[in-house]
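[1] Build me a structure from this.
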Amino acid sequence: DGVPTRLSDLTRMQHGGAITPVHTIGLGRDVDTEALQTLATATGARFLPVETEEDLPGVFGVLQSYFEASHAVCVELPELECGELLVRVSWTWTPDDGPVAQGSTLQPVDYACPGEDETPEGRIVTLLLTLGDPGIPSDLSAQLALQAVEWASPRLRPHVLIVLDDGHNGEDVTDAELIQWLLADVDTLEVAYLDEPEGGLRPEDVEGYDVVWYANPGYPMDDLTALETLDAFAAAGGGVVLQGDDMTWSSGHAFETTPLTGLEHGDNGTNACGQRIDNGRDGTYTVTVGQAEHAVVRGLGGQTFRYGNDIDRSTVVSETAEVLAWAQPTGDPSCPPRP
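    Presented below is the predicted three-dimensional model:
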């Protein structure tokens, strides 16, 4: 460009706030080796001396390796999502001397979509808890609710339907509203609320949603229609969250909830090893989140809290179910923990 360029000018070249590395090559013996070495070192690059032109291809191979990826970044994606996904990786580099550099890159990832006859079954999360119980830290409830939905969802930005079972009998009815409130401000979710229609949840009620959160905080499910709707929804690839401390059985034992929960009901849990635990009276359960590397409890492993209501005693009968938290009567380590 007709403007004299000095060595100091080359050492100050930047892009996006980061110093531009200037790799240098010295061909033969009649070169300013010291200047080339100084320039490369000052910019975080490399000086490569070569004797003959025949050595140049090997040098370019070395330099090319500098532009290849040096770090692997792992991200968790919904296994049920298919097609082209874009993963954004943001980075910050703080050198020992010099300004901080920041940037981001997009990496496309392709998931093959299943054929028409290969629709994967949806995921089901069973939370045997009233998340508004005063013993549960609010930040734990919020994180657990979000991660349960994210794991159950077949899509990255799911439409979520919160349903309050009409057989709640007035107990802790604000819990479903709490769930809606916890999820409403998450910008990756679209959340709607529904009081269950008389006669039970129907297929047309869940049409267009990716995840259905079905809540009955303090009573068992009372409509077979709802169970059948949720079962069909999951079979078609939708995500289901069943929430409430009596979700392992139905009202009057009219039908089994095992097809959804993977649990076989034992008893209501109001008495455990001689200790009465019910509606915030008498004893409590100590709930411990396991250390499993599972997306639903990510970042919650090992946390404990006291729960003041009954929790169904149940047995895992599904080969695919995984228990992520255990409850045990507070102060009685000899009493077997329950999922």
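[2] Please count neighbours and contacts with C-alpha atoms only from this point.
    OK.
[3] measure stretch 146-164 end to end?
    With Cα to Cα, to the nearest Å as the measure, stretch 146-164 spans 18 Å from end to end.
[4] meant to ask about stretch 172-192, not that
    Using Cα to Cα, the end-to-end distance of stretch 172-192 comes to 19 Å.
[5] which residues sit against that stretch?
    Residues from elsewhere that reach stretch 172-192 (Cα atoms under 8 Å, 6 or more residues apart in numbering): 130-132, 142, 145-146, 156-164, 193, 215-218.
[6] in it, what's buried?
    Of all the residues in stretch 172-192, those buried under the rule 16 or more other Cα atoms under 10 Å are Asp172, Val173, Asp175, Ala176, Glu177, Ile179, Gln180, Leu182, Leu183, Leu189, Glu190, Val191.
[7] again, but for stretch 310-324
    In stretch 310-324, counting by 16+ other Cα under 10 Å, buried: Asp310, Ile311, Asp312, Arg313, Ser314, Val316, Leu324.
[8] Quick check on the second one: phi, psi?
    Listed backbone geometry of Ile311 is phi -130, psi 130, with angles given as degrees, to the nearest 10.
[9] Would you mind measuring from it to His23?
    According to Cα to Cα, Ile311 and His23 sit 66 Å apart.
[10] Quick check: mean pLDDT of stretch 216-231?
    The average of the pLDDT scores along stretch 216-231 is 93.
[11] Where does pLDDT dip in the stretch 1-150 of the chain?
    1-2, 16-17, 65-70, 76-82, 97-98, 111, 113-119 (pLDDT under 70).
[12] Next one: the closest residue in space to Ala272 that isn't next to it in sequence from Gly170, what distance?
    In this structure, Ala272 finds its nearest non-sequential neighbour in Pro329, 6.6 Å apart by Cα to Cα, 6 or more residues apart in numbering. From Pro329 across to Gly170, the span is 26 Å (Cα to Cα).
[13] Between these two, which is the more surrounded one?
    Comparing Pro329 with Gly170 by other Cα atoms under 10 Å, the one with more neighbours is Pro329, at 25 against 12.
[14] for the more buried one, which residues make a bridge with it?
    Beta-bridge partners recorded for Pro329 (DSSP bridges): Tyr285.
[15] just checking, it touches Gly283?
    Yes - Pro329 is within contact range of Gly283, at 7.4 Å (criterion: Cα atoms under 8 Å).
[16] between these two, what contacts are shared?
    Jointly contacting Pro329 and Gly283 under the rule Cα under 8 Å, 6+ apart are Gln275.
[17] Dump stretch 29-41 to CSV, restricted to CA.
    What follows is stretch 29-41, C-alpha atoms only, in CSV (Å, rounded to 0.1, in the frame of the first residue of the first chain):
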residue,chain,number,x,y,z
ARG,A,29,21.1,-18.8,5.9
ASP,A,30,21.0,-15.3,4.6
VAL,A,31,17.9,-14.1,6.6
ASP,A,32,17.4,-11.9,9.6
THR,A,33,16.8,-14.9,12.0
GLU,A,34,16.6,-12.7,15.1
ALA,A,35,13.9,-10.4,13.6
LEU,A,36,11.8,-13.4,12.5
GLN,A,37,12.1,-15.0,15.8
THR,A,38,11.2,-11.8,17.6
LEU,A,39,8.1,-11.3,15.5
ALA,A,40,6.8,-14.8,16.0
THR,A,41,7.5,-14.9,19.7
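[18] Identify all contacting residues around it.
    With Cα under 8 Å, 6+ apart, stretch 29-41 has contacts from Leu7, Leu10, Thr11, Pro21, Val22, His23, Thr24, Ile25, Gly26, Arg46, Phe47, Glu51.
[19] Can you tell me which of these is nearest Val73?
    Nearest to Val73 among these is Pro21, at 23.3 Å by Cα to Cα.
[20] mind checking how far the closest one is from His15?
    Here Pro21 is placed at a distance of 10 Å from His15 (Cα to Cα).
[21] between those two, which one's more packed in?
    Using other Cα under 10 Å, the more surrounded residue of Pro21 and His15 is Pro21, with 20 against 9.
[22] before we move on, back to that, any chance of the buried residues of stretch 310-324 in a markdown table with distance to Pro259 as columns?
    What follows is the buried residues of stretch 310-324, written out as a markdown table (distance: Cα to Cα, whole Å):
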| residue | distance to Pro259 |
| --- | --- |
| Asp310 | 22 |
| Ile311 | 19 |
| Asp312 | 17 |
| Arg313 | 17 |
| Ser314 | 14 |
| Val316 | 12 |
| Leu324 | 19 |
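[23] Would you tell me which one of the residues you listed comes nearest to Trp151?
    Nearest to Trp151 out of the buried residues of stretch 310-324 is Leu324 (Cα to Cα; 13.3 Å).
[24] Surely the closest one and Ala292 touch.
    Yes - the criterion here is Cα under 8 Å, and Leu324 meets it with Ala292 at 6.6 Å.
[25] quick check: domain ranges of the chain?
    Taking automatic domain parsing as the reference, the chain has its domains at 7-65, 76-120, 124-329.
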